[in-house]
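Visitor: Provide a 3D model corresponding to the input given below.
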Amino acid sequence: MNPTLQGTDNNNISNSYSSSNVRVLKDRGFYGVTLPVTYRNTLNGTGMVNYFYDPFFIANRPYQVVSATERHQVNSGGANATLTLAILPSGTAPISGTSVSSTTFDLSTTADTDQELPIDGPALLATGDALNLIPHSTVPGFGGFATVSGVTVQVVLRAV
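Guide: Purely as a prediction, here's the structure:
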């Protein structure tokens with residue numbers, strides 16, 4: 001079965017057309033085979049911190065990180081709580097992954113608001129590499145996460 005693109009005509013192009021395996025981004029051109037990967041943490045408070053380290057995707061082929069977006073339901077109440085999206089090669093400790101951006105997701109921002117992470121460089125995953133999130137807080141014991149809940153991160157990968 002061939003994938004079909006959604007849309008009515010070529011003169012009225014929305015931001016992106018996509019099917020299950022092809023994505024065309026208006027501002028970036030044809031991106032070939034892409035894969036959206038979603039991480040969801042429904043826990044709240046400092047108990048959620050340990051679950052960020054767990055890899056949430058393991059590459060079955062080489063990929064490039066195209067974009068990453070985060071949204072949380074409850075913010076950190078102004079406390080400094082951030083997440084780093086990292087590439088984690090096989091055999092690497094979860095806290096030692098390589099960040100895909102020089103910035104982080106800031107969990108003190110307004111709840112229920114999307115944050116797009118600017119991707120630095122090519123951000124390539126080799127077969128067997130994983131994606132994980134590394135939590136940071138300036139409050140001892142990850143206290144910056146005390147009021148955070150409902151964190152969702154979506155990463156779009158492009159097969160290379």
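Visitor: in its sheet, which strands sit next to the one helix or strand residue 154 maps to, and in what direction?
Guide: Applying DSSP states H and E as the criterion places residue 154 in strand 149-159. Partners of strand 149-159 in the sheet, by DSSP bridges, are strand 34-44 (antiparallel), strand 63-74 (antiparallel).
Visitor: ok, which of those comes nearest residue 145?
Guide: With CB to CB as the criterion, residue 145 lies closest to strand 34-44 of the strands paired with strand 149-159, at 8.7 Å. To be clear about C-beta, it is placed using only N, CA and C from the backbone, and glycine gets the same treatment.
Visitor: show me which positions of the helix or strand following the closest one end up buried.
Guide: Using DSSP H and E, the helix or strand that directly follows strand 34-44 along the chain is helix 49-52. For helix 49-52, burial by neighbour count (16 or more other CB atoms under 10 Å) applies to 49, 52.
Visitor: elements contacting helix 49-52?
Guide: strand 34-44, strand 130-137 (3 or more CB pairs under 8 Å, 6 or more residues apart in numbering; DSSP states H and E).
Visitor: contacts for stretch 141-154?
Guide: Residues from elsewhere that reach stretch 141-154, judged by CB atoms under 8 Å, 6 or more residues apart in numbering: 36-46, 48-49, 68-77, 79-81, 83, 85, 105, 107-108, 133, 135, 137-139.
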